[in-house]
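Chemist: Structure here, sequence nowhere to be found:
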């Protein structure tokens with residue numbers, strides 16, 4: 001390995017890492033290294049499933065994921081000694097572009113008050129007026145102009161309009177209006193309750209990931225930018241309290257790379273794990289694993305957040321299904337206020353899903369998918385061992401705050417009511433409570449076996465309503481019925497506690513805050529407290545998860561901190 005010292009070593013080629021690589025390497029005289037554990041996706045060589053406007057095929061491809069990552073999602077009640085929360089897979093990207101290469105391509109920003117809340121939690125300079133210019137800097141909006149939108153960014157965003165919707169989407173829109181929801185043409189305009197065409201990062205019906213947008217051919221041609229893919233960082237190297245490089249595993253051997261500043265962009269789960277393995281975190285816990293303490297920071301790995309979710313699905317009659325010629329399966333969504341005491345306005349988010357999976361069975365099933373837009377439950381990331389190859393212990397503690405549970409219970413009733421509206425009853429039947437179970441994950445893997453199996457099940461679903469009901473009750477819900485849940489609050493609570501999941505927005509585990517806040521990990525520019533030459537720039541530094549998919553807020557944060565780095 002060359003003894004070259006880089007000005008910036010970016011650990012992680014996800015959304016934040018791609019933005020920083022672009023911006024920092026544009027500065028003359030700098031040497032920038034990007035290290036990504038997964039495969040690269042150079043321009044013109046992107047895999048077809050990553051380019052696809054329909055995201056679920058790439059999402060289930062194990063080539064692009066941390067295959068060994070397992071998490072505990074449900075909270076364990078304190079009054080149930082010996083109770084456990086099962087470990088389940090939690091898909092996190094391991095590929096250039098990170099989550100933006102496999103996610104649903106949704107371009108949400110969140111509520112202006114989200115960022116005002118960040119300021120109140122100690123993130124000075126991150127209010128709505130401070131972050132809006134950087135949201136605009138990220139995007140090239142294909143549909144709207146004006147003070148809320150950018151036209152020159154690296155990521156194109158657009159909407160699919162009414163004339164291109166399948167009948168399922170059109171009827172879902174009428175059902176939303178039947179709830180009294182206002183139509184909002186621009187989801188990222190004035191923030192208010194209502195339903196809208198969803199905004200997504202896509203052009204010519206192809207995904208545009210952060211890697212595609214920010215690491216294009218011209219950027220990759222820069223002589224001062226080095227990309228090191230399929231290389232895993234084992235730990236950060238320190239001399240005293242100064243970060244000086246990283247130790248990597250590359251081509252089966254350990255190597256050291258020196259850098260003047262290390263920027264950790266590994267995400268809400270792996271960034272705190274990397275810090276802790278390197279000696280930065282709660283001192284007593286690190287010592288238990290035999291790790292020497294470089295900086296005792298109690299907040300590392302704490303405050304883990306996601307958006308708890310649940311869904312209700314139904315059989316779609318053939319005339320209303322998404323045509324095979326169309327790839328995009330998400331078209332509309334709604335924001336609404338639960339009205340629950342102690343909760344903010346616009347605290348809920350619901351999408352109409354026109355195809356529930358890539359296979360023939362999923363083509364016949366539509367859903368309403370709900371998540372708690374402003375969640376309150378928090379968990380933690382801790383180490384199991386000091387071994388860099390071992391995934392951390394991840395405990396989301398979803399629904400540990402009762403408000404999150406009660407809003408999902410309310411939401412199931414709303415979704416069940418939508419399927420009973422005349423607009424939806426004309427095109428669907430056999431509604432049932434759905435879940436993202438291990439069985440669903442297994443069938444969702446793209447294999448010939450799964451295609452054959454789901455083809456047979458899909459054929460049976462099409463035969464009669466009686467057969468559909470029997471199949472759903474025996475094979476899908478294992479006897480749990482939507483009618484039974486609606487009639488029994490205890491049963492509904494038990495179902496949601498068992499089957500709710502996050503939506504892959506792991507965040508807030510290295511949160512920004514004031515220097516005197518014992519649980520903050522970084523300052524407002526991502527610099528790790530008590531240490532020199534080390535930053536974190538990813539979803540982990542959010543003080544709380546915004547009312548949005550996290551991808552666009554992460555790119556906004558990277559753009560903002562890149563400006564700060566270059567100004568320094």
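Modeler: Good, I have the coordinates. Predicted model only: the values in this text are computed from it and were never measured.

Chemist: which strands and helices sit next to the helix or strand encompassing residue 273?
Modeler: Remark: residue 273 resides in helix 267-277, with elements defined by DSSP states H and E. Helices and strands touching helix 267-277, as assessed by 3 or more Cβ pairs under 8 Å, 6 or more residues apart in numbering; DSSP states H and E, comprise strand 231-239, strand 253-264, strand 379-382. Every residue, glycine included, has its C-beta placed from N, CA and C.

Chemist: These: which one's closest to residue 32?
Modeler: Closest to residue 32 of the helices and strands packed on helix 267-277 is strand 253-264 (Cβ to Cβ; 9.5 Å).

Chemist: what's that closest one in contact with?
Modeler: By Cβ atoms under 8 Å, 6 or more residues apart in numbering, the residues outside strand 253-264 that reach it are 1, 3-12, 17, 20, 33, 35, 234, 236-237, 243-249, 271, 274-275, 526, 533-538, 565.

Chemist: Flag every buried residue along that strand.
Modeler: Going by neighbour count (16 or more other Cβ atoms under 10 Å), the buried part of strand 253-264 is 257-264.

Chemist: roughly how far apart are residue 338 and residue 396?
Modeler: According to Cβ to Cβ, to the nearest Å, residue 338 stands 21 Å off from residue 396.

Chemist: meant to ask about residue 152, not that
Modeler: For residue 152, the distance to residue 396 - Cβ to Cβ - is 38 Å.

Chemist: between these two, which one's more packed in?
Modeler: residue 396 (25 against 9; other Cβ atoms under 10 Å).

Chemist: Poorly predicted segments of the stretch 301-450 of the chain, please.
Modeler: Applying pLDDT under 70 to the stretch 301-450 of the chain flags no residue at all.

Chemist: where exactly do the helices run in it?
Modeler: Ranges of helices in the stretch 301-450 of the chain, per DSSP state H, counting those that start in this stretch, are 360-363, 402-420, 422-425, 438-444, 448-461.

Chemist: now the fourth one: how far from the chain's centre is it?
Modeler: Helix 438-444 has its C-alpha centroid displaced from the chain centroid by 19 Å (Cα atoms, centre = their mean, to the nearest Å).

Chemist: Need the contact partners of that helix.
Modeler: 56, 60, 88-89, 357-359, 361, 450, 453-454.

Chemist: For this structure, name the helix or strand with the lowest mean pLDDT.
Modeler: Among the helices and strands of the chain, helix 438-444 carries the lowest confidence by mean pLDDT, DSSP states H and E, at a mean of 77.

Chemist: Can you list the buried residues in that one?
Modeler: So, applying 16+ other Cβ under 10 Å, buried residues of helix 438-444: 443-444.

Chemist: and the closest residue to residue 368 other than its chain neighbours, what does it touch?
Modeler: Leaving aside its sequence neighbours, residue 368 sits nearest to residue 415 (Cβ to Cβ, 6 or more residues apart in numbering; 4.2 Å). By Cβ under 8 Å, 6+ apart, the residues touching residue 415 are 311-312, 350, 368, 370.

Chemist: From the recorded domain assignment, give the ranges for the chain.
Modeler: What automatic domain parsing lists as the domains of the chain is 5-109+207-305+505-567, 160-197+309-374+401-499.

Chemist: To residue 383, which of these lies closest?
Modeler: Of the domains of the chain, nearest to residue 383 by Cβ to Cβ is domain 5-109+207-305+505-567, at 5.2 Å.

Chemist: can I assume residue 232 is in contact with residue 248?
Modeler: Yes - here residue 232 reaches residue 248: they are 6.6 Å apart, a contact under Cβ atoms under 8 Å.

Chemist: Those two - which one has more neighbours?
Modeler: residue 248 (22 against 16).

Chemist: element containing that one?
Modeler: strand 242-250.

Chemist: now swap in residue 174 and tell me
Modeler: Assigned by DSSP H and E, residue 174 falls in helix 167-178.

Chemist: Return the distance of residue 492 relative to residue 350.
Modeler: Distance from residue 492 to residue 350, by Cβ to Cβ: 17 Å.

Chemist: So which of those two has more stuff around it?
Modeler: residue 350 (26 against 21).

Chemist: For the residue lying closest to that one once chain neighbours are set aside, list each beta-bridge partner.
Modeler: Leaving aside its chain neighbours, residue 350 sits nearest to residue 370 (4.7 Å; criterion: Cβ to Cβ, 6+ apart). Listed by DSSP bridges, the beta-bridge partners for residue 370 are residue 310, residue 350.

Chemist: And for residue 370, the neighbour number?
Modeler: Residue 370: 26 neighbours (other Cβ under 10 Å).

Chemist: Please verify my assumption that it contacts residue 410.
Modeler: No - judged on Cβ under 8 Å, residue 370 makes no contact with residue 410 at a distance of 9.4 Å.

Chemist: any chance of the contacts of helix 438-444 in JSON lines, with distance to residue 521 too?
Modeler: Below are the contacts of helix 438-444 laid out as JSON lines (distance: Cβ to Cβ, whole Å):
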{"residue": "56", "distance to residue 521": "34"}
{"residue": "60", "distance to residue 521": "33"}
{"residue": "88", "distance to residue 521": "27"}
{"residue": "89", "distance to residue 521": "27"}
{"residue": "357", "distance to residue 521": "38"}
{"residue": "358", "distance to residue 521": "39"}
{"residue": "359", "distance to residue 521": "42"}
{"residue": "361", "distance to residue 521": "44"}
{"residue": "450", "distance to residue 521": "42"}
{"residue": "453", "distance to residue 521": "46"}
{"residue": "454", "distance to residue 521": "44"}
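
Chemist: was I right about residue 489 contacting residue 409?
Modeler: Yes - with contacts counted by Cβ under 8 Å, residue 489 reaches residue 409, the gap being 7.2 Å.

Chemist: So for those two, which residue has more residues nearby?
Modeler: residue 409 (16 against 10).

Chemist: roughly how far apart are the more buried one and residue 310?
Modeler: Residue 409 is 9 Å from residue 310, by Cβ to Cβ.

Chemist: returning to that earlier point: show me what contacts the residue nearest to residue 350?
Modeler: Here residue 370 is in contact with 309-311, 348-350, 408, 411-412, 414-415 (Cβ under 8 Å, 6+ apart).

Chemist: which ones are touching residue 544?
Modeler: With Cβ under 8 Å, 6+ apart, residue 544 has these contacts: 114, 117-118, 121, 303, 305, 508, 511.

Chemist: try residue 21
Modeler: Residue 21 neighbours (Cβ under 8 Å, 6+ apart): 10, 13, 32, 34, 214-215, 219, 225, 227.

Chemist: sorry, back to before: quick check: mean pLDDT across the helix holding residue 273?
Modeler: In this model, helix 267-277 has an average pLDDT of 98.

Chemist: and residue 460, how many residues sit next to it?
Modeler: 15.

Chemist: nope, residue 384 is what I was after
Modeler: 12.

Chemist: and residue 95, backbone torsions?
Modeler: Here is the backbone geometry of residue 95 (degrees, to the nearest 10): phi -160, psi 150.

Chemist: Quickly list what it is bridged to.
Modeler: Beta-bridge partners of residue 95, as defined by DSSP bridges: residue 39.

Chemist: Residue 64 is in contact with that one, correct?
Modeler: Yes - between residue 95 and residue 64 there is a contact at 4.1 Å, judged by Cβ under 8 Å.

Chemist: Quick check: neighbours shared by the two?
Modeler: With Cβ under 8 Å, 6+ apart as the test, residue 95 and residue 64 both reach 38-39, 50, 101-102.
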